[in-house]
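Colleague: Just need the structure, nothing else, for what follows:
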Amino acid sequence: MVDRRVLADTSVWIQLDLGRAPTTLARHVSLLVEAGRLVTAGPIKLEVLQGARSEAAYRRIRRELDALPEIPVTGDLWERAAFLGHRLARRGLTVIGMDLLIAALAIAHDCALLHLDKDFDRIRQVAPLVMDVPGGAIDTP
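Modeller: So this is what the prediction gives:
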């Protein structure tokens with residue numbers, strides 16, 4: 001098993017919060033937390049918390065996310081995200097800016113990305129984005 005840190009995308013947190021995550025995914029996230037390998041980032045916290053269904057849910061999710069190590073968003077990541085978007089646009093593909101930033105974060109911090117969002121599969125067409133999948137397998141481009 002590779003000891004790479006794993007960044008869980010907003011799509012994962014939403015499914016976990018709604019109780020819709022497959023058992024294998026929920027267990028995988030728990031194992032990553034126990035191993036100290038799961039990390040978060042400001043853009044993910046923003047997306048997850050703004051969608052909280054109540055103030056109680058907001059507080060609970062915030063506690064969960066605040067308990068994780070947070071990788072920093074540095075100034076150069078905005079340009080890296082923009083360049084990913086530019087490369088995709090040259091191929092006729094569009095991805096929202098926040099997903100571009102999350103991908104740039106994962107790549108810059110050598111994290112695998114755990115997600116349920118097809119935009120990241122598009123991003124892999126132009127970038128060395130490593131994916132984490134339940135069961136601990138690392139899917140490298």
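Colleague: For the residue of the chain positioned farthest from its centre, list the residues it contacts.
Modeller: Relative to the mean C-alpha coordinate of the chain, counting by CA atoms, centre = their mean, the farthest residue is R90 (24.2 Å). Contacts for R90 (CB atoms under 8 Å, 6 or more residues apart in numbering) come out as none. C-betas here are computed from N, CA, C, even on glycine.
Colleague: and the closest residue to D117 other than its chain neighbours, how far is that from V73?
Modeller: Nearest residue to D117, sequence neighbours excluded (CB to CB, 6 or more residues apart in numbering): S11, at 4.3 Å. From S11 across to V73, the span is 19 Å (CB to CB, to the nearest Å).
Colleague: Of those two, give the one with the bigger neighbour count.
Modeller: S11 (21 against 17; other CB atoms under 10 Å).
Colleague: The residue nearest to V6 when sequence neighbours are not counted: how many residues sit nearby?
Modeller: Nearest residue to V6, sequence neighbours excluded (CB to CB, 6+ apart): D132, at 4.5 Å. If you count neighbours by other CB under 10 Å, D132 ends up with 26.
Colleague: D132 contacts A112, doesn't it?
Modeller: Yes: D132 lies in contact with A112 (CB atoms under 8 Å); the separation is 3.7 Å.
Colleague: Let me see the confidence value for the residue nearest to D117.
Modeller: With respect to pLDDT, S11 scores 93.
Colleague: any idea which element it lies in?
Modeller: Applying DSSP states H and E as the criterion places S11 in helix 10-18.
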